[in-house]
Structures are given as C-alpha cells and as structure tokens.
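Sharing a sequence plus its predicted fold:
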Amino acid sequence: MSCIFCKIVNGEIPSSKVYEDDKVLAFNDINPVTPYHILVIPKKHYDSIIDIPEKEMEIIAHIHNVINKIANKEGFDKKGFRIINNCGEDGGQEVKHIHYHILAGKKLPLYEAEKK
Ligand code: AMP
Ligand code: ZN
C-alpha cells in the first residue's frame, strides 16, 4: 500500500499544487501554521532523509533549488522563510515520505523546542 504522499504524487488524493516537475512536487500543507506553508517532496518515495543513499543525494540539491524558485514566484524571497525537515520519531516526523516544510509570510520565533 502506498503512503499518503505517494497517493498525492499519483493523483489518488487531491492537493493544492504550487510547483511540479518530473522529480519533485510542492503543495500547500492541509493544516498551515503560517500564511505560506508549503511541502516539497521528491516524487520517488524515501521514508526520510536518513534513507536517501549517498548516490541519490542530488535530489536534495534539486529540492533546495525548487524551494528558491517557489520563494521567488510566491514573493517571500526578500522577507525570508524557514525550511524544516523532520526526521524520524524524535524529530517529530508524522508522514513517512521525506518532505521539506517551507514556512513563510510572518516573522517566526527564533527557535522552538519542546522542553522535556
Ligand atoms: P511532519 O510532521 O513533518 O511529518 O509533517 C507532515 C505534514 O503533512 C503536516 O504539516 C500535515 O499537516 C501535512 N499533511 C498531512 N496530510 C496532508 C495532505 N493530504 N495534504 C497536505 N498536507 C498534508
Ligand atoms: Zn511515499
């Protein structure tokens, strides 16, 4: 059974697309925490950053290039933005298909961490 983001990639689940090419898809987060909250994913499934083999790591450079394109297109390139990649249980990753959050459109707090 494919994961929820693979279903978005193959069109089984609808999404609000922001950018698409042959390797990458970007869409609006269903539960935005900032005025812009966009998820950028590789179309190929990897559980998380730790599962990407070294020889396939160029997909991450491509994702960062796509993030720059989105920032320019949406107009938050000058004001700035934050990129977040949650990895695994301690990192707070809920969807096990690697994704980068782009948060933009408001001044974000410098650092947030759950105190335990
Ligand atoms: P993470 O905690 O880093 O795994 O983040 C998963 C993100 O996926 C959350 O911000 C969710 O709101 C978002 N999300 C889950 N399902 C969907 C969906 N069908 N469409 C868009 N965003 C989703
Ligand atoms: Zn997947």
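Good, I have the coordinates. Numbering: from 1, shown residues only. Ligands and ions are numbered 1, 2, ... in the order given.

Now do the phi/psi pair for Cys30.
Wrong residue type there; residue 30 is Ile, not Cys. For Ile30, the backbone dihedrals (degrees, to the nearest 10) come out as phi -70, psi -20.

Tell me how far it lies from ligand 1.
Noted for Ile30: a distance of 4 Å to ligand 1, by C-beta to the nearest ligand atom, to the nearest Å. In this view, the C-beta of every residue, glycine as well, is placed from N, C-alpha and C.

contacting residues around Gly88?
With contact taken as C-beta atoms under 8 Å, 6 or more residues apart in numbering, Gly88 is in contact with Ser48, Ile50.

Which pLDDT value belongs to it?
Note for Gly88: predicted pLDDT of 98.

swap in Tyr19?
Tyr19 carries a pLDDT value of 98.

Which residue comes closest to it once chain neighbours are left out?
Leaving aside its chain neighbours, Tyr19 sits nearest to Ala26 (4.0 Å; criterion: C-beta to C-beta, 6 or more residues apart in numbering).
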